[in-house]
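**Q** The amino acid sequence is not available; the structure is as follows:
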């Protein structure tokens, strides 16, 4: 057998492009928990991030050392991003390392740099971070955002991060965790509205709770975020979209994303509304749950496209389509994807993997449990994952390993053309290697995920 090798140029990223620059045309301001200075160095750092934001201008950078920072003393206080100001967290704050962009840990899971809405005896911030009127050069990188309760201006929307028009800022390496809105509210983790187009890279939305779109809620016309390498983990929505709810009247594309252990009434992982198009490329859904329909994905909108995705172990308790629930006859394209081990109220057969209420979706080069119909390149053989429920033996956690074992029937059965057709994805080098044997340690989409990201989607390979 031959091994297909795909080298997407989006994965060839110089680390310097993701780090703050020591020379950036503005002033670098330093913030350190307990600081009492003027922000000119780590020794004389500000003790309050709000002080640095208040005096920063375009092209300034704010470097924040590990610590916990609150936006103020009142529930209406929020960290409001400043246009073309870049804010980086995770610095060690060691005197003598001023100007060294590598003197930091950008990973919010380990850097202990927290923007907290917990105001002690004063309650909680309604919104921890607000991003409106900010454009491309605006960056928030390397923070945990937590403790927002309530939502923007009493609306019940967006407790962790509220993104409004205009906004084309970048959020990178952020852990948005433990934010809450009322059951009537939306976007406990992040709420986007009114034509904003932010970029989200390597962010995690975890354990946020609310009415709709607990992890992320996308609403109103022409909202088209770019979402890459993000994780949606254990978010709970009372209504639709545990991980993500999209009703943007626009196009949403998610690349290399993971949805695990999210819960909702409909669309445990993702729910797509009536007027929205969504495309998922090289994404994984594991252990998501819906009370009614669409354990992983509930599609009620315009166009749904899944390319090189894996859906396993997702479930509906009372309704249909443990994997994908397709309704209203809107067009859907499912290609190069695996639907296996999903269940609904009727069992774990073909319709539990993909429930088609009406319409005729295009389903090709897919592995579907119980598949009885036709379709070019479709198979119904067990994909044989390495360890579908991970070392903890629990579905819907990050150690679920959905890579394929050597010899899996899903190896070398996909379509190169489907990968190349993905909008906006620069996967320009795809070849067959007739010499090197197939290797289950190589992601069957051509290693579109980074090597250190687990689990990885075992999509079909030519």
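**A** Looks like it arrived, so ask away. The structure displayed is predicted, hence computed values, not measured ones. Numbering: from 1, shown residues only.
**Q** Without its sequence neighbours, what residue ends up closest to residue 356?
**A** Spatially, and ignoring its direct neighbours in sequence, residue 356 is nearest to residue 326 (5.1 Å; CB to CB, 6 or more residues apart in numbering). No exception for glycine: its C-beta is placed from N, CA and C like everyone else's.
**Q** ok, now which ones touch the one you found?
**A** 299, 304, 332, 354, 355, 356, 357, 359, 361 (CB atoms under 8 Å, 6 or more residues apart in numbering).
**Q** change it to 6 Å
**A** 299, 332, 356, 361 (CB atoms under 6 Å, 6 or more residues apart in numbering).
**Q** And those, which is closest to residue 264?
**A** residue 299 (13.7 Å; CB to CB).
**Q** Pull out the buried residues from stretch 192-206.
**A** 192-193, 195-206 (16 or more other CB atoms under 10 Å).
**Q** And those residues, which is the shakiest by pLDDT?
**A** Lowest pLDDT of these: residue 195, 82.
**Q** Helix, strand or coil: sort out residue 268 for me.
**A** coil (DSSP: H, G, I helix; E, B strand; the rest coil).
**Q** Show me the contact partners of stretch 173-184.
**A** By CB under 6 Å, 6+ apart, stretch 173-184 touches 106, 108, 141-146, 148-149, 151, 156, 159-160, 188-189, 202-211, 238.
**Q** what about the residue nearest to residue 356, distance to residue 51?
**A** 52 Å (CB to CB, to the nearest Å).
**Q** Then residue 240?
**A** 40 Å.
**Q** before we move on, what about residue 45?
**A** Counting by CB to CB, the gap from residue 45 to residue 51 is 10 Å.
**Q** The two: which is more packed in?
**A** Shown here are residue 45 and residue 51; by other CB atoms under 10 Å, residue 45 has more neighbours (28 against 18).
**Q** And the pLDDT for that one?
**A** For residue 45, the predicted pLDDT is 98.
**Q** so what's it up against?
**A** So residue 45 contacts 30, 31, 32, 35, 37 (CB under 6 Å, 6+ apart).
**Q** Between which two of those residues is the distance greatest?
**A** The most distant members of the contacts of residue 45, if one measures by CB to CB, are 31 and 37, lying 10.0 Å apart.
**Q** Tell me where the stretch 1-150 of the chain has strands.
**A** Counting by DSSP state E, counting those that start in this stretch, the stretch 1-150 of the chain has strands at residues 3-6, 28-31, 61-65, 67-69, 79-80, 86-91, 113-116, 129-131, 139-141, 144-146.
**Q** I'd like those strands laid out as a markdown table, including distance to residue 55.
**A** As requested, the strands of the stretch 1-150 of the chain are exported to a markdown table (distance: least, CB to CB, whole Å):
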| stretch | distance to residue 55 |
| --- | --- |
| strand 3-6 | 47 |
| strand 28-31 | 7 |
| strand 61-65 | 10 |
| strand 67-69 | 16 |
| strand 79-80 | 14 |
| strand 86-91 | 13 |
| strand 113-116 | 18 |
| strand 129-131 | 18 |
| strand 139-141 | 18 |
| strand 144-146 | 22 |
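**Q** Give me the distance between residue 393 and residue 59.
**A** 51 Å.
**Q** Between those two, point out the one with more neighbours.
**A** The neighbour count for residue 393 versus residue 59, taken as other CB under 10 Å, is higher for residue 59 (13 against 10).
**Q** number of nearby residues for the closest residue to the more buried one other than its chain neighbours?
**A** Spatially, and ignoring its direct neighbours in sequence, residue 59 is nearest to residue 26 (3.4 Å; CB to CB, 6+ apart). Residues within reach of residue 26, counting by other CB under 10 Å, total 15.
**Q** Please report how far residue 353 lies from residue 372.
**A** 11 Å.
**Q** Which of these two has more residues huddled nearby?
**A** residue 353 (29 against 8).
**Q** I'd say the more buried one and residue 339 touch.
**A** Yes - the pair residue 353 and residue 339 qualifies as a contact (CB atoms under 6 Å) at a distance of 3.8 Å.
**Q** now the strands of the stretch 1-150 of the chain in JSON lines, with mean pLDDT, mean neighbour count and distance to residue 230?
**A** As requested, the strands of the stretch 1-150 of the chain are exported to JSON lines (pLDDT from 0 to 100; neighbours: other CB atoms under 10 Å; distance: least, CB to CB, whole Å):
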{"stretch": "strand 3-6", "mean pLDDT": "36", "mean neighbour count": "20", "distance to residue 230": "21"}
{"stretch": "strand 28-31", "mean pLDDT": "98", "mean neighbour count": "25", "distance to residue 230": "26"}
{"stretch": "strand 61-65", "mean pLDDT": "98", "mean neighbour count": "26", "distance to residue 230": "22"}
{"stretch": "strand 67-69", "mean pLDDT": "98", "mean neighbour count": "18", "distance to residue 230": "23"}
{"stretch": "strand 79-80", "mean pLDDT": "98", "mean neighbour count": "21", "distance to residue 230": "21"}
{"stretch": "strand 86-91", "mean pLDDT": "98", "mean neighbour count": "26", "distance to residue 230": "17"}
{"stretch": "strand 113-116", "mean pLDDT": "98", "mean neighbour count": "24", "distance to residue 230": "18"}
{"stretch": "strand 129-131", "mean pLDDT": "97", "mean neighbour count": "25", "distance to residue 230": "16"}
{"stretch": "strand 139-141", "mean pLDDT": "98", "mean neighbour count": "24", "distance to residue 230": "14"}
{"stretch": "strand 144-146", "mean pLDDT": "98", "mean neighbour count": "26", "distance to residue 230": "14"}
